[in-house]
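# Provide a 3D model corresponding to the input given below.
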Amino acid sequence: QVQLQESGPGLVKPSQTLSLTCTVSGGSITTNGYYWNWIRQPPGKGLEWMGAIASSGDTYYRSPLKSRTSISRDTSKNQFTLQLSSVTPEDTGVYYCARDTDWGAPTGDYWGQGTQVTVSS
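This next block holds a predicted model:
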């Protein structure tokens, strides 16, 4: 059973960089055929795919966020990390990590429980 767990600060100030880590257990992030995604849900809105890192280490980003988003991984810890720079209150929402067999959509077969991030001064 694959399990994912998000961790990171719940409150970030505007203009700062948000950093979240997803710790994976029960499966390796280097196993071929999987993509490890970051997805968020702003209050009152639907799920939004943000980006992904493949088992190969290749990264993919949602176009409007590409200039502010970076996804990396630490294979020794079986973790992958999201960094979102220059945040604004519009980046407030619940952030999820999820495993999928593709990238580009807010879907996945295994999900973390989600973590609330609020951008406020």
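# residues contacting the spatially most central residue of the chain?
Closest to where the C-alpha atoms of the chain average out (C-alpha atoms, centre = their mean) is Trp38, at 2.5 Å. Applying C-beta atoms under 8 Å, 6 or more residues apart in numbering, we find Trp38 in contact with 20, 22, 49-52, 71, 82, 95-97. All C-beta atoms are positioned from the backbone trio N, CA, C, and that covers glycine.
# 7 Å instead, please
Residues counted as contacts of Trp38 (C-beta atoms under 7 Å, 6 or more residues apart in numbering) are 50-51, 71, 82, 95, 97.
# which of the residues you listed tops the neighbour count?
Neighbour counts for the contacts of Trp38 peak at Cys97, which has 30 neighbours (criterion: other C-beta atoms under 10 Å).
# and it, that one's in a strand?
Yes: counting by DSSP: H, G, I helix; E, B strand; the rest coil, Cys97 falls inside a strand.
# residues in contact with Asp109?
Contacts of Asp109 by C-beta under 7 Å, 6+ apart are 99-100.
# Pull up the gap between it and Cys97, please.
Distance of Asp109 to Cys97, computed by C-beta to C-beta, to the nearest Å: 13 Å.
# Kindly report the same for Gly57.
16 Å.
# Over to Ile39?
Distance of Ile39 to Cys97, given as C-beta to C-beta: 8 Å.
# Overlap in contacts, those two.
By C-beta under 7 Å, 6+ apart, no residue touches both Ile39 and Cys97.
# Now do the strands for this protein: every range, in order, please.
Using DSSP state E, the strands found in the chain span residues 3-7, 11-12, 18-25, 35-41, 48-54, 59-61, 69-74, 79-84, 93-100, 110-111, 115-119.
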